[in-house]
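Enquirer: got a structure for you, letters missing:
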């Protein structure tokens, strides 16, 4: 028993956002990291969700084996039961976090697509160009390349022990 509903929900969100089947998107994501970084991010979080779903399945099977009906656990089994239950809860929390990250990436993609044609398009383009430009001194025209930073000798730092 895996955490299939979370994985199915993630697949449905990704397929709806990109309009293509998940198998096709899995093939395209590694090839298009520059063209569509949001797809790459969504697929990265989906692969983490797959790993966590498998972990959930393993912990559930172990917990069911330790607490099967008609079985009285031995004293030393109590620590194993507690550890398995704790690991299962942690895996479920990681699953929910991965699903939430995919939801955030899909929502961000939708907002970017809306902003491309809407009144906020200029702000999005300006913010994108600001983050991708190199820092340049004030007053330097944008047509000129940024001068290299002068090399300075590293100052000696005394050991303070």
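Expert: Perfect, thanks for sending it. Just so we're clear, the structure is a prediction, and the values are computed from it rather than from any experiment.
Enquirer: looking at the chain, which helix or strand is least sure?
Expert: The weakest-scoring helix or strand in the chain, judged by mean pLDDT, DSSP states H and E, is helix 121-132 (a mean of 57).
Enquirer: Can you point out the buried residues in the helix or strand hosting residue 26?
Expert: Using DSSP states H and E, residue 26 sits within helix 22-28. Of all the residues in helix 22-28, those buried under the rule 16 or more other Cβ atoms under 10 Å are 22, 25, 28. The way it works is simple: take the backbone N, C-alpha and C, and place the C-beta from them, glycine included.
Enquirer: same question, stretch 55-66
Expert: For stretch 55-66, burial by neighbour count (16+ other Cβ under 10 Å) applies to 55, 56, 57, 59, 60, 62, 63, 66.
Enquirer: tell me the mean pLDDT for that stretch?
Expert: The average of the pLDDT scores along stretch 55-66 is 92.
Enquirer: Just list the residues touching residue 59, thanks.
Expert: Applying Cβ atoms under 8 Å, 6 or more residues apart in numbering, we find residue 59 in contact with 84, 87, 88, 91.
Enquirer: tell me which element the residue lying closest to it once chain neighbours are set aside falls in.
Expert: Nearest residue to residue 59 in three dimensions, chain neighbours excluded: residue 88, at 4.1 Å (Cβ to Cβ, 6 or more residues apart in numbering). If you go by DSSP H and E, residue 88 is part of helix 75-117.
Enquirer: about what we covered before: in terms of secondary structure, what does the helix holding residue 26 contact?
Expert: Secondary-structure packing of helix 22-28 (3 or more Cβ pairs under 8 Å, 6 or more residues apart in numbering; DSSP states H and E): helix 4-18, helix 37-66.
Enquirer: pLDDT of it, averaged?
Expert: For helix 22-28, the mean pLDDT works out to 84.
Enquirer: Give me the contact list for that helix.
Expert: The contact list for helix 22-28 (Cβ under 8 Å, 6+ apart) reads 11, 14, 15, 18, 20, 36, 39, 43, 46.
Enquirer: hmm, back to that, kindly reformat the buried residues of helix 22-28 as CSV and extend each row with distance to residue 5.
Expert: Formatted as CSV, the buried residues of helix 22-28 follow (distance: Cβ to Cβ, whole Å):
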residue, distance to residue 5
22, 15
25, 20
28, 25
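Enquirer: Looking at those, which is nearest residue 72?
Expert: When these are compared for distance to residue 72 (Cβ to Cβ), residue 22 comes out closest, at 44.8 Å.
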